[in-house]
Every structure is written in C-alpha cells, then in structure tokens.
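**Q** Show me the folded form of this:
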Amino acid sequence: IQNLPDAPTINPNDKSSKLLLHQDYSYLDSYLSDLFDSDPFHEILQEWIVLCDLNNLQDNDEIQHLCLKLCKGYNQIGNLAYESSDIEVALECYQVALTLCPSDHSNMRSQLLFNRGIAFIKNHDLDLALSEFEAAIASNPDFEKAYYQRERILYQIDSQSKNYHFTHDWFSRNIPLLTEHLKDMIGKPNLQFLEIGSWEGRSTCWFLEKILTHASSQITCVDTFAGEAYLNLEQNILENVESRFDWNINQVGAAAKVKKHIGESQYILRNLPLDTYDLIYIDGCHLAIDVLSDAVLSWGLLKK
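**A** So this is what the prediction gives:
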C-alpha cells in the first residue's frame, strides 16, 4: 500500500505500523476499486491479484471484502465477454475471479467454476468443461445446474466416441430429467415405449442404451423423416434423415427392438393399440396444435 500514490506512510522498522488501520483498508478499497473501474487489467491490479493468491490475504476480513467485490466485478466482465463470444477473455476473467474468491464462499466459487465450464463448451473443449462442472459440484454438492450440465457433457463425450451420424442435438438437455424419472424402468422386461418424433434417432438410441436394455423391450417410433418447414434447415440436412436414423439404430445393435412407422402422427396414433405403452415421449412437431393433438391421441395408448 505504501507504493500507491498518496498512501499512508508505513515505517518498515516499526513492526506495529505494519498492521494496517481501518482507514488504510478504506484507502486501498477506494484506490483499487477506482482502478478497476478505469482499467480492470491494469498491472497494479494484476500484481494485487498475484499477491492475494500467494499470501492468502483473504484471511483478513476487510481484505476479504475487497477481494469479493473485485471477484464479482471480474465475473461480470467475464459474462459480458462470453455474451460477446470472446471466450478467451471470459475464461481469463473467471479464473481471476476464482483467484480472488475467498475459500469460504463455496457458492460463489461453484458459480465461477460453472461459468468456466459453460465457456469451455462454447470452445468445444468438453473434457475441460466436464472437469469444471465436477469441481463446481465438489464446491457445492447442491448445485443442480452443474449436475445437469455434467450429465449432458458425459452423454456428448460418449456419443462422440461412437460412429453415430447426428447433425443436431435437441435431446441431451432432457437427459437429467429422464434419468431421474425413468431409473426404476432400467432393464425391466417387456417394456413398450412410444416415441413421437425420432428425427435421426438420438433419443431412440439413448432409450435403447440406457433404459430398454432387456431383450424383450421395444420402442415404436413415429416420424415423417421429412423435417418441418419452420426449422429452416438446409436441404442437405433434410435429405436422408431416415437413412441416418437407420444407421444410428444399427450402431446400438438393437434394430430388432425398433418398430418404425413413417407418416404424420395424427393419423398413425389413431391406429396404434390402446393401453399398450409404458412411456410415451412426445417430441414431434412443436407447433402448439400438433403438440396438443399428439398428447390427446397418446393418452389412451398409455397404460394405466
């Protein structure tokens, strides 16, 4: 502090004077806060951050208050950088914030780790993202969003290791919810699932790999395999959707468990047997009238 402009004078030979007074902390707070507002990457601030990291200065209550304030500031800059797609700056700011974050602020630390994980996803670094989400959970075991993202990353890493032909992922966001509610069905015999809207089979493959693992279980898939106009997909994506579905199902090695019905659900559902299915997954056309129609027509098909 004695090297800052207009700072209080500290006598290096007087041990008692090395204990900063309240007004000294106030001065330091004011100086570094003003410096942060004008240039958060100023070299003095960077030196301060290194000093905090090396000497655990957050153990002091008043210094901890300053560090926490700066921590939140760097987190905000990181969020702005992320929204502007400047991922490297976002990651740097989140890391600086973590350095400044007091160790006893576990919720704040877990949020910063979570933010870094999201940034790594944007950078397509799934392994690093997974590491950050696991660290966030270790810091705060009640952080549900981190569990949610970890499950998605684990699924994506697993999918990338297989020879699937997927162009879109509209499914993995549902995996944590499905995992929670379908855990009692895993491996049960004679299960019958109905899937309305299969596209390239991403959800179908997941059901076959994770839930419908018994040899006697089956899934019925309903899709036009033509896509929807409102999705505005490129023509090369809309071509050969059914072929990609068939290919992906074959990668699971469970094609015999799949019954495929090609056409519009409003017609096909009327011809399926009542009181048959243990679970119906509706993910076809997302226009409100079609979702409502699928839900109403599915109701009688579902087992009591």
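**Q** what's around W199, how many residues?
**A** Neighbourhood size, W199 [other CB atoms under 10 Å]: 24. The C-beta positions use only the backbone N, C-alpha and C, and glycine is treated the same way.
**Q** To clarify, my last question referred to N174.
**A** Counted with other CB under 10 Å, N174 comes out at 14.
**Q** and it, which of the three is it?
**A** Assigned state for N174: helix (three-state reduction, DSSP: H, G, I helix; E, B strand; the rest coil).
**Q** Just the element for the closest residue in space to it that isn't next to it in sequence, please.
**A** Excluding the flanking residues, the one nearest N174 by CB to CB, 6 or more residues apart in numbering is S203, at 7.8 Å. Secondary structure from DSSP states H and E places S203 in helix 202-210.
**Q** gap between that helix and the chain center?
**A** Here the centre of helix 202-210 is set off from its chain's centre by 20 Å, with CA atoms, centre = their mean, to the nearest Å.
**Q** and it, C-alpha only, in CSV?
**A** Provided in CSV are the C-alpha atoms of helix 202-210 (Å, rounded to 0.1, in the frame of the first residue of the first chain):
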residue,chain,number,x,y,z
ARG,A,202,-30.7,-39.6,-31.0
SER,A,203,-33.3,-40.1,-28.3
THR,A,204,-34.2,-43.6,-29.6
CYS,A,205,-30.6,-44.6,-29.2
TRP,A,206,-30.5,-43.3,-25.7
PHE,A,207,-33.6,-45.1,-24.7
LEU,A,208,-32.2,-48.3,-26.2
GLU,A,209,-28.8,-48.0,-24.5
LYS,A,210,-29.9,-46.7,-21.1
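**Q** Check which element follows it along the chain.
**A** Heading C-terminal from helix 202-210, the first helix or strand you meet, by DSSP H and E, is strand 218-223.
**Q** Quick check: can you name the pairing partners of that next one and their directions?
**A** Under the criterion DSSP bridges, strand 218-223 sits next to strand 192-196 (parallel), strand 258-262 (parallel) in its sheet.
**Q** quick one, which of these is packed in tightest?
**A** strand 192-196 (a mean of 22; mean count of other CB atoms under 10 Å).
**Q** Tell me the pLDDT of Y94.
**A** If you check Y94, the pLDDT there is 97.
**Q** List the residues that contact it.
**A** Counting by CB atoms under 8 Å, 6 or more residues apart in numbering, Y94 touches 74-75, 78, 112, 115-116, 119.
**Q** which element follows whichever helix or strand A81 is part of toward the C-terminus?
**A** If you go by DSSP H and E, A81 is part of helix 61-83. Downstream of helix 61-83, the next assigned helix or strand under DSSP H and E is helix 87-100.
**Q** Quick one: distance of whichever helix or strand comes after that next one to the chain centre.
**A** Next along the chain after helix 87-100, taking DSSP H and E as the criterion, comes helix 106-122. From the chain centre to the centre of helix 106-122 is a distance of 10 Å (CA atoms, centre = their mean).
**Q** Using PDB, list the CA coordinates for helix 106-122.
**A** Only the C-alpha atoms of helix 106-122 are listed here, as PDB (Å, rounded to 0.1, in the frame of the first residue of the first chain):
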ATOM      1  CA  SER A 106     -18.400 -22.000  -1.800                       C
ATOM      2  CA  ASN A 107     -21.500 -20.900  -3.700                       C
ATOM      3  CA  MET A 108     -19.600 -18.200  -5.500                       C
ATOM      4  CA  ARG A 109     -16.700 -20.500  -6.300                       C
ATOM      5  CA  SER A 110     -19.100 -23.100  -7.700                       C
ATOM      6  CA  GLN A 111     -20.800 -20.500  -9.900                       C
ATOM      7  CA  LEU A 112     -17.400 -19.300 -11.300                       C
ATOM      8  CA  LEU A 113     -16.400 -22.900 -12.000                       C
ATOM      9  CA  PHE A 114     -19.800 -23.500 -13.600                       C
ATOM     10  CA  ASN A 115     -19.300 -20.300 -15.800                       C
ATOM     11  CA  ARG A 116     -15.900 -21.600 -16.900                       C
ATOM     12  CA  GLY A 117     -17.500 -24.900 -17.800                       C
ATOM     13  CA  ILE A 118     -20.100 -23.200 -20.000                       C
ATOM     14  CA  ALA A 119     -17.300 -21.200 -21.700                       C
ATOM     15  CA  PHE A 120     -15.400 -24.400 -22.400                       C
ATOM     16  CA  ILE A 121     -18.500 -25.900 -24.000                       C
ATOM     17  CA  LYS A 122     -18.600 -22.800 -26.300                       C
END
